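K.L.:
Quick one, fold the following:
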Amino acid sequence: MNDNEFVALVATRSGMSSEQAAAVTQATLTTLAERIDGGEARDLADHLPGDLRAYAFGGSETAERFGLDVFVARVSGRADLDADQARDGVTAVFDVLRDALDPTDYEQVVTQLPAEYGDVADQTAPYVRRQA
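P.N.:
Here you go, the predicted structure:
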């Protein structure tokens, strides 16, 4: 899967334009890299397509600890979306990550997140297209 295919899947799953999907993908990967340990962020980046890799590198080896509301707020601000759009976008990015990564690699990322993140990073839920 290349960058364009990844973003196109996020757009389809979130009901966003391709520009919004690109912004929410970048914002979600950046925020996720802040929330997980640096080594895991680098591992995630190694499994992402081309230009998306740069967004998954965290600035620190130690993960910042913040809840889902803060995660969505950061994505909202970075992608210039309202909170509901940002949450749908975050969910779509995690859905695409789940499909794009080896199950073990995806599990290693989401196990670093508190249970409340299961609302956007569910490992078992089927894909559901969100309504625009």
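
K.L.:
The closest residue to Leu52 other than its chain neighbours: what's it in contact with?
P.N.:
Excluding its sequence neighbours, the residue lying closest to Leu52 (CB to CB, 6 or more residues apart in numbering) is Asp3, at 5.5 Å. From N, CA and C alone the C-beta is placed, and that goes for glycine too. Taking CB atoms under 8 Å, 6 or more residues apart in numbering, we find Asp3 in contact with Pro49, Gly50, Asp51, Leu52.

K.L.:
between these, which has the most around it?
P.N.:
Counting neighbours by other CB atoms under 10 Å, Leu52 comes out on top of the contacts of Asp3 with 21 neighbours.

K.L.:
Isn't that residue up against Phe6?
P.N.:
Yes. At 6.3 Å, Leu52 and Phe6 qualify as touching, with contact defined as CB atoms under 8 Å.

K.L.:
how far away is the residue nearest to Leu52 from Leu9?
P.N.:
Relative to Leu9, Asp3 is positioned 11 Å away (CB to CB, to the nearest Å).

K.L.:
Next: Ala45.
P.N.:
Distance from Ala45 to Leu9, by CB to CB: 18 Å.

K.L.:
hang on, Gln112 packs against Ile36?
P.N.:
Yes. Using CB under 8 Å, Gln112 makes contact with Ile36 at a distance of 4.5 Å.

K.L.:
hey, what's in contact with both of the two?
P.N.:
Common neighbours of Gln112 and Ile36, counting by CB under 8 Å, 6+ apart, are Ala63.
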